[in-house]
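Asks: Sharing a model that was predicted from the sequence below.
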Amino acid sequence: MANPTSIPELVEAASAFGAHGILARYHAPVAFTAQQEARVERVVPSALSRPILTELRRRRAPAEVTGERLRRTATATDLLRVAVSRASKAPHRQRQMMHLLHARFDAGVERPLTSADGAFFVALGTAPRALRKARQIGVPTVVDVPVAHAAWVRRTMREEARLVPKYAVTLQGHDFPDWMLAANAQEFQVADVLLVLSDHERKTLVEYGVDEAKMIHTPLGVDLELFAPKPRARDGIFRVIFVGQITQRKGLSYLIEAFERAALPASELLLVGPIVGSDAPWRATPGVRHVPPVPRAALPDLYATADVYVLPSLAEGFPLTQMEAMAMGLPVIVSEHTSAHDVVTDGQEGYVVPIRDAPAIVDRLRALHDDADLRRSLGAAARLRAEDFGWARYRRRVVDIVAELL
């Protein structure tokens with residue numbers, strides 16, 4: 001397995017493969033064990049250890065992956081990438097650093113591959129040389145496809161730049177280079193199995209000619225113990241929460257517009273996550289508050305302050321934060337370009353709205369603001385639906401898929 005940036009589903013898959021005794025190697029740039037974290041706590045003063053431990057816990061090695069099976073690959077390059085990303089929010093700069101990481105990571109993953117390996121599991125675009133080598137030496141390949149087709153994303157984001165130029169500075173994907181699209185196309189051809197996360201994602205792949213026969217629908221999961229309903233502390237604020245990269249790719253302008261137009265008394269829009277490009281388009285909006293990225297373990301406390309979760313994305317794969325919010329018992333308002341139709345029945349666990357439709361979001365926000373019983377009913381249904389998507393289900397699914405290849 002190769003996981004260059006702690007992609008959550010690859011961590012879960014590695015745990016499952018390790019538990020079943022079928023994992024030979026797990027490549028990751030940074031993967032800290034519980035013992036290493038404990039050492040930091042003992043040696044480093046608490047004032048300094050807190051931010052260090054926060055970062056380490058983002059990159060924790062699966063407990064089932066130990067010893068020689070854990071291969072740290074391109075670690076220095078990844079640390080440089082993190083430093084640059086914190087110094088510059090420019091999407092093109094961050095993409096350049098990600099490309100450098102993937103190139104060096106790819107080389108490190110490729111070297112130990114041999115025909116004795118039973119299968120190779122990797123995320124799209126992260127180790128193309130290793131993927132080609134695996135194909136050449138007869139090793140079956142499984143590629144996780146984390147988001148909609150890149151050509152579809154580029155086209156949609158370029159449309160968006162024309163439609164809402166004010167928010168163009170926050171876009172992602174509008175400037176995907178041709179070489180990246182060509183590289184992805186080659187990976188789609190080389191792969192034996194493509195793990196596709198949602199029906200929306202599948203449609204974009206089919207539109208651009210990817211072989212549907214290779215695709216296996218593998219919805220992601222949620223930690224049902226970490227993300228469990230908590231009593232909502234009453235502070236008199238109707239709080240709308242968004243969690244994720246703060247970018248127009250996620251429908252940011254439509255969320256901001258809807259919140260402003262809804263004009264809900266005593267309300268707040270909480271944006272949790274990293275700012276893409278600039279916050280200038282929305283920074284001065286009354287009632288909007290930003291919280292920088294936090295470790296996943298800290299998110300339940302933020303969800304517990306909210307009344308509704310909104311994700312009006314233009315392009316997605318299977319957004320984990322949508323499942324987290326549902327598991328917390330929040331009603332959701334999500335666009336049809338998320339995993340909406342895989343998970344949400346409109347009017348039952350929340351609402352599914354068209355993309356670029358701020359008025360539809362306004363109507364749903366007002367309905368939820370005015371009716372606490374409706375919020376409770378939809379939230380309870382959301383939790384029940386989330387219980388169908390525990391990570392255990394995903395782990396069983398990927399083990400079965402890989403076992404057929406071995």
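Replies: All right, it came through fine. Since we're looking at a predicted model, the values are computed, not measured. Residues are numbered from 1 along each chain as shown.

Asks: and Leu269, bridged to which residues?
Replies: Val240, Val288 (DSSP bridges).

Asks: Around it, count how many other residues there are.
Replies: Look at Leu269: counted by other Cβ atoms under 10 Å, it has 25 neighbours. Backbone N, C-alpha and C define where each C-beta goes, glycine included.

Asks: now do Gln136
Replies: Gln136: 11 neighbours (other Cβ under 10 Å).

Asks: hmm, which helix or strand of this protein has the shakiest average pLDDT?
Replies: Ranked by mean pLDDT, DSSP states H and E, the weakest helix or strand in the chain is helix 46-58, scoring a mean of 67.

Asks: After that one, heading C-terminal, what element do we hit next?
Replies: strand 70-72 (DSSP states H and E).

Asks: Counting neighbours, which bits of that next one end up buried?
Replies: 70-71 (16 or more other Cβ atoms under 10 Å).

Asks: List the buried residues of whichever helix or strand comes after it.
Replies: Once strand 70-72 ends, the next helix or strand along the chain (criterion: DSSP H and E) is helix 75-87. For helix 75-87, burial by neighbour count (16+ other Cβ under 10 Å) applies to 77-78, 81-82, 84.

Asks: tell me what helix 75-87 is packed against?
Replies: helix 91-110 (3 or more Cβ pairs under 8 Å, 6 or more residues apart in numbering; DSSP states H and E).

Asks: Now do the domain split for this protein, please.
Replies: Using automatic domain parsing, the domain ranges for the chain come out as 8-221, 238-389.

Asks: Next, the distance between the ends of the first one.
Replies: Taking Cα to Cα, to the nearest Å, the first and last residues of domain 8-221 lie 9 Å apart.

Asks: just how off-centre is that domain within its chain?
Replies: 11 Å (Cα atoms, centre = their mean, to the nearest Å).

Asks: repeat for stretch 353-370
Replies: Centroid displacement of stretch 353-370 relative to its chain, using Cα atoms, centre = their mean, is 24 Å.

Asks: who touches it?
Replies: Residues outside stretch 353-370 that contact it (Cβ atoms under 8 Å, 6 or more residues apart in numbering) are 163, 238, 240, 251, 254-255, 257-259, 261-262, 264, 267, 307-308, 310, 312-314, 331, 333-337, 351, 374-375, 378.

Asks: now stretch 276-287
Replies: So stretch 276-287 is contacted by 89-91, 166-167, 169-172, 245-247, 249, 252-253, 256, 259-260, 267-269, 271, 288, 290 (Cβ under 8 Å, 6+ apart).

Asks: Just those residues: which are in strands?
Replies: 267-269, 271, 288, 290 (DSSP state E).

Asks: Who wins on neighbours among those?
Replies: Busiest of these [other Cβ under 10 Å] is Leu269, holding 25 neighbours.

Asks: where exactly do the strands run in the protein?
Replies: So, for the chain - with DSSP E - the strands run 26-28, 70-72, 120-123, 141-145, 193-196, 215-217, 238-243, 267-272, 288-291, 308-311, 332-335, 350-353.

Asks: Would you mind giving the ones you listed as CSV with mean pLDDT added?
Replies: Formatted as CSV, those follow (pLDDT from 0 to 100):
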stretch, mean pLDDT
strand 26-28, 91
strand 70-72, 87
strand 120-123, 97
strand 141-145, 98
strand 193-196, 98
strand 215-217, 98
strand 238-243, 98
strand 267-272, 98
strand 288-291, 98
strand 308-311, 99
strand 332-335, 98
strand 350-353, 98
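
Asks: Sweet, I'm off.
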